[in-house]
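Visitor: What follows is a predicted protein model with its sequence.
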Amino acid sequence: MSFKNVEVKKKANVYHDGKVTSRTVITPQGEMKTLGVMLPGTFRFSTQAPERIDVIQGHCRVKIADAQGWTDYEAGQSFDIPGNSSFEIEIVTLLDYVCNFG
């Protein structure tokens, strides 16, 4: 997966004491994405816009908002988070990901 002719924001997005970091890229079509890494641990995030997370490398478990259980995801898989929602994510092994907004 590669992105051509994108704008990259210089300032890193850093969450959970540096265990989650990403950089924002904007495509020529105006799509916003973040490219990031999450270290092992369990984290909670809230969403404004809908998000699709593509797992590039690693293994995680995800529980979306009021879902009853957790779902496992590995490299090559994706999951969707509704807008104005939240999710918990447990990183089992270092996660390399792309988050697509909107």
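Guide: Ah, there it is.
Visitor: what about the longest strand in this structure?
Guide: Using DSSP state E to define each element, the chain has its longest strand at strand 86-101.
Visitor: in that one, what's buried?
Guide: The neighbour-count check on strand 86-101 (16 or more other Cβ atoms under 10 Å) flags 87, 89-91, 95, 97-100 as buried. For every residue, glycine as well, the C-beta is placed using N, CA and C.
Visitor: Now residue 74. Nearest residue, chain neighbours left out?
Guide: residue 59 (5.0 Å; Cβ to Cβ, 6 or more residues apart in numbering).
Visitor: Farthest pair within the buried residues of strand 86-101?
Guide: 90 and 100 (21.1 Å; Cβ to Cβ).
Visitor: Can you give me the end-to-end span of stretch 3-21?
Guide: With Cα to Cα, to the nearest Å as the measure, stretch 3-21 spans 19 Å from end to end.
Visitor: pLDDT of it, averaged?
Guide: What stretch 3-21 shows for mean pLDDT is 94.
Visitor: next one: stretch 86-102
Guide: Averaging pLDDT along stretch 86-102 yields 97.
Visitor: How far does it sit from its chain's centre?
Guide: Centroid separation for stretch 86-102 versus its chain: 4 Å, with Cα atoms, centre = their mean, to the nearest Å.
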